[in-house]
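> Need the 3D shape of this:
(chains A and B)
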Amino acid sequence: MIKNGFFFFVGLLVAFVIGWGGIALGSHKQLGALAPYFDDGEGSSFPTRPQGVAARGQLVYADLGCASCHTQQVRRPDFGSDKDRGWGERQSVARDYIHQGRPQLGSLRVGPDLTNLAGRKPSAPDAEDLLKLLYTGSALHPSYRFLFDDRKIVGQRSESALRLLGSLAPAPGHEVVPTERAQTLVAYLLSLNTSYEFPEARPVAPAVAAKEGAHK
Amino acid sequence: MSSPSNNAEVTAVDTAGRWPLLLLLASGLSWLVISGVLALVASIQLHSPTFLTDCAWFTHGRVSAMAETSFVYGWAANAGLGLGLWILGRLGGSPLRALNWSVVGALFWNAGLTLGLIGIATGDATSFSLLQLPRYVQPLMVAAYAAIGVSGILAWNGRRTDGTHAAQWYAVAALFLFPWLLIAAQSMLLWSPVRGVLQAVTAGWYVQGVFTLWLAPLALAAAYYVVPKTTGRVYPSYEFAPLAFWTLIFVGAFTGGRHLIGGPVPAWIPTLANAACSLLLFHYLVVVLNLRSVFSAAGVAARFISVGLIAYFVSGSLDFITSFRGVALVTQFTYFAQAQQQLAVYGGISLLLFGAIYFAVPRLTGRAWASGAFVQGHMVLVLLGVALLVGSLGLAGWIQGHALNDAKVPFSAIAASTRPWLLAVTAAHGILLLANLLLLVNFARSVYSVCCSCSQAGELAFRQPSTMEAPTS
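Okay, here's the model as predicted:
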């Protein structure tokens, strides 16, 4: 097969197509037409489509590479500590992502998982918490000051200006205002909420731990 | 199996292809240093998150994307292609044709990569691992790659020998398959994106394809060519080599799903990856068996290839072990996965390429390396740096993985317990940067000496192979 140049190339191509067809096309056939789930109890379909501002915020999340430290995939309760850390009551399933333009599953957890950031119990962060973290950073989180304008107060103080105290406070007569990018990013983060139910994501009893068919 | 004519160690193939191939190698080594700087910045940010954060260009997500992109598409691609073309020319038995295509392709490839890295820095990254180059340079990369590859395919089709050589299979497979892979990934992820998690599945397939259908074949082509040259012996167990080759090409891409264990994808994808990883062990085993004579050979090239082979084998075995759910429970989403990746691309691919570069450059320039001390320094520092990098990332990941699985351990405690190892990672990146600077300077001096004495440059003189080797200690 290798000595004959023609068949060598055919072999290479066949190998490539089998891998591509098996994985990319095979999963596409299985999940490509996945539809939202209509919940009779709630009277609406899930997942909901993200609002425009959140969809734009996902682009900011992607371009800053937030996914290099944060995942957005909760593993099932008996596999890892995801549930115990309050990241989500149930595992993430393929249906959660069908409306996302560019799902940010991530592969490294330097920071916490963000799948269900806005639905966390008992306390989910609010916009002010997130903006402050983005502006000031912490020992564990970088600051993103380029997402904010430090500007002179002209006329009235801006409503969206951050309330900063102590050494972080801007110079007198100045205010720190989140740019549009910061606001869309935070709107996106606050849209991350998977606290609805899917039949395929109900916790499995340990006796039937196998996940086969979970995505039907 | 037959090796090509050994009468003259510097052949017409070498002198004809000298400048195009040296251009590819020079680009590769320059990108290696650039990616080293970026990797150093990214690794500092992991233990000191406020480092360089006031500038949007140096946000951790962007810097790490740039480091990874310049390493794979800058260093490994340029160096691997340069060596691949050289090997196809030598084994084809006649000087490489269409090298002007390769030069134009290399210029456009590197221009596209530069543009793409600026794009990543300014926020146009695609957010797919190893496919971070912005959409607008992607078609250019395909065209430039095809142009570089033309002369390799011509050398294969016009070969004068009856039999073929394992190095040729691997080199041709890499040249031929990568454009298909890149086009398929671009169409399914960038031009007409598939829905939801299917993007993650496709991206995982692409990342694995970059390794098993492109970088690993390029590095193995180099190893299969250089090893018998340095040992003077035929491969043992060579009859298994074709099967090992086809195993890698057919099965390799299926192992990509191992990163999606427990994720929101159909369970058959990680399960299939687990089975594929076990089949692929056959490939790793045969490669080591075929090339095992290198372990007892002397010389810088042989040392690099020995360590590279061990790293390649260990990385394949670790892929298999961590594709089990019980192990992935600890290693997934941690620095351990990064350690595995570094073991594969730095320990496996890069060390094999270094070995082949130490063998090829004296034959391309027609004279020995400019500085033996620099060669020694590079070898010691690189081996130390890779061991420290992989070891400390692996330990950091193991600690991190166990801590993550205990919900009572807060992230601040995880950061505190991994910090010493992350500092060691930074030190490793510093050592590697220094080492690769030595190699780049030594390479530049070696090439410069050819430019400045053109009287001898074109000569086809017989040289004792031993005079081309850098001195070993």
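> ok, the closest residue to chain A within the stretch 351-473 of chain B - contacts?
Nearest residue of the stretch 351-473 of chain B to chain A (CB to the nearest CB) works out as B:Ala407 at 3.3 Å. For glycine as for every other residue, the C-beta is placed from the backbone atoms N, C-alpha and C. Contacts for B:Ala407 (CB atoms under 8 Å, 6 or more residues apart in numbering or on different chains) come out as A:Ser81, A:Asp84, A:Arg85.
> when you check chain B, which of the residues you listed turn up near it?
Restricting the contacts of B:Ala407 to those adjacent to chain B (criterion: CB under 8 Å from any CB of the partner chain) gives A:Ser81, A:Asp84, A:Arg85.
> Can you flag the buried ones in these?
Taking 16 or more other CB atoms under 10 Å in any protein chain shown as the criterion, what is buried in these is A:Ser81, A:Arg85.
> Pull the distance from stretch B:14-34 to the chain's centre.
On the basis of CA atoms, centre = their mean, to the nearest Å, stretch B:14-34 sits 15 Å off its chain's mean C-alpha point.
> and that stretch, C-alpha only, in CSV?
Extracted C-alpha coordinates of stretch B:14-34, given in CSV (Å, rounded to 0.1, in the frame of the first residue of the first chain):
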residue,chain,number,x,y,z
ASP,B,14,21.8,19.8,0.5
THR,B,15,23.4,22.6,-1.5
ALA,B,16,20.4,23.1,-3.8
GLY,B,17,18.0,23.4,-0.9
ARG,B,18,20.4,25.3,1.4
TRP,B,19,18.8,28.7,1.6
PRO,B,20,15.1,27.8,1.5
LEU,B,21,15.5,25.2,4.1
LEU,B,22,17.7,27.4,6.3
LEU,B,23,15.0,30.1,6.0
LEU,B,24,12.4,27.7,7.4
LEU,B,25,14.7,26.6,10.2
ALA,B,26,15.6,30.2,11.1
SER,B,27,12.0,31.2,11.2
GLY,B,28,11.3,28.3,13.5
LEU,B,29,14.0,29.1,15.9
SER,B,30,13.1,32.8,16.0
TRP,B,31,9.5,31.8,16.8
LEU,B,32,10.7,29.4,19.5
VAL,B,33,12.4,32.3,21.3
ILE,B,34,9.4,34.6,20.9
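> looking only at pLDDT, what's the mean for it?
The average pLDDT within stretch B:14-34 is 94.
> again, but for stretch A:125-138
Mean predicted lDDT for stretch A:125-138 stands at 92.
> Just the element for A:Val176, please.
Assigned by DSSP states H and E, A:Val176 belongs to strand A:174-178.
> who does that strand pair up with?
strand A:148-152 (antiparallel) (DSSP bridges).
> next one: the partner strand to chain centre, how far?
29 Å.
> how about the residue of the stretch 1-150 of chain B found nearest chain A, secondary structure?
Nearest residue of the stretch 1-150 of chain B to chain A: B:Gly61, at 1.6 Å (CB to the nearest CB). What DSSP: H, G, I helix; E, B strand; the rest coil gives for B:Gly61 is helix.
> just so I have it, where are all the strands in the stretch 51-200 of chain B?
In the stretch 51-200 of chain B, no strands are defined using DSSP state E, counting those that start in this stretch.
> residue ranges with poor pLDDT in it?
Within the stretch 51-200 of chain B, not a single segment meets pLDDT under 70.
> Show me the helices in it, by range?
Remark: helices assigned in the stretch 51-200 of chain B by DSSP state H, counting those that start in this stretch are B:60-69, B:77-92, B:99-121, B:138-157, B:166-186, B:198-209.
> so what secondary structure elements neighbour the third one?
Of the remaining helices and strands, those touching helix B:99-121 by 3 or more CB pairs under 8 Å, 6 or more residues apart in numbering or on different chains; DSSP states H and E are helix B:18-47, helix B:60-69, helix B:77-92, helix B:138-157.
> Which neighbouring elements make contact with the last one?
Meaning helix B:138-157. Secondary elements touching helix B:138-157 (3+ CB pairs under 8 Å, 6+ apart): helix B:77-92, helix B:99-121, helix B:166-186.
> Tell me which residue lies nearest the centroid of chain A.
Centroid-nearest residue in chain A: A:Gln72, 4.4 Å away (criterion: CA atoms, centre = their mean).
> where's that residue, which helix or strand?
Using DSSP H and E, no helix or strand contains A:Gln72.
> Quick one: the helices in the stretch 201-350 of chain B, in order.
For the stretch 201-350 of chain B, applying DSSP H, counting those that start in this stretch gives helices covering B:216-231, B:241-251, B:268-290, B:300-322, B:325-331, B:335-342.
> Need the winner for burial among those helices.
The highest mean neighbour count among those, using mean count of other CB atoms under 10 Å in any protein chain shown, belongs to helix B:216-231: a mean of 26.
> Select the longest helix from chain B.
Ranked by residue count under DSSP state H, the longest helix found in chain B is helix B:411-451.
> average pLDDT for that one?
For helix B:411-451, mean pLDDT is 95.
> So what's the gap between it and the chain middle?
16 Å.
> just stretch B:73-91 next, same as before
Its chain's C-alpha centre and that of stretch B:73-91 lie 11 Å apart, by CA atoms, centre = their mean.
> hmm, that stretch in reach of chain A?
No: figure legend: stretch B:73-91 not in contact with chain A (CB under 8 Å from any CB); closest approach 12.6 Å.
> sorry, back to before: can you name the residues in contact with the strand holding A:Val176?
Residues from elsewhere that reach strand A:174-178 (CB under 8 Å, 6+ apart): A:131, A:134-135, A:147-153, A:157-158, A:160-162, A:164, A:170, A:186.
> I'd like to know which of these are part of strands.
Per DSSP state E, strands hold the following members of the contacts of strand A:174-178: A:Phe148, A:Asp149, A:Asp150, A:Arg151, A:Lys152.
> so who does residue 168 touch?
Here I'm looking at chain A. Contacts for A:Leu168 (CB under 8 Å, 6+ apart) come out as A:Tyr135, A:Thr136.
> not what I meant, chain B
With contact taken as CB under 8 Å, 6+ apart, B:Gln168 is in contact with B:Ile87, B:Leu88, B:Leu91, B:Gly92, B:Trp156, B:Arg159, B:Ala221.
> same thing but 10 Å
By CB atoms under 10 Å, 6 or more residues apart in numbering or on different chains, the contact list for B:Gln168 reads A:2, A:8, B:84, B:87-88, B:90-92, B:152, B:155-156, B:159, B:161, B:221, B:224-225.
> Give me the buried subset of those.
Buried among those (16+ other CB under 10 Å): A:2, A:8, B:84, B:87-88, B:90-92, B:152, B:155-156, B:159, B:221, B:224-225.
> Closest to B:Ala166 out of those?
Ranked by distance to B:Ala166 (CB to CB), the buried ones among the contacts of B:Gln168 are led by B:Tyr224 at 4.4 Å.
> Grab the nearest non-local neighbour of the residue in chain A that chain B sits nearest to.
Of all residues in chain A, A:Gly65 sits closest to chain B, at 1.6 Å by CB to the nearest CB. What sits nearest to A:Gly65 in space, not counting adjacent residues and going by CB to CB, 6 or more residues apart in numbering or on different chains, is B:Gly61, at 1.6 Å.
> ok, now B:Leu215?
Leaving aside its chain neighbours, B:Leu215 sits nearest to B:Ile349 (4.9 Å; criterion: CB to CB, 6+ apart).
> The one you found against B:Ala174, yeah?
No: when contacts are counted by CB atoms under 10 Å, B:Ile349 is not listed as touching B:Ala174 (11.3 Å).
> Report the set of residues contacting both of these two.
Shared contacts of B:Ile349 and B:Ala174, defined by CB under 10 Å, 6+ apart, are found at B:Gly80, B:Trp214, B:Leu215, B:Ala216, B:Leu218, B:Ala219, B:Leu220.
> one step back: what's the angle from the longest helix of chain B to helix B:18-47?
With axes from the mean of the first three to the mean of the last three CA atoms, to 10 degrees applied, the angle from helix B:411-451 to helix B:18-47 works out at 160 degrees.
> touching chain A at all, helix B:411-451?
Yes: residues of helix B:411-451 contacting chain A under CB under 10 Å from any CB of the partner chain: B:Phe411, B:Ser412, B:Ile414, B:Ala415, B:Ala416, B:Thr418, B:Leu422.
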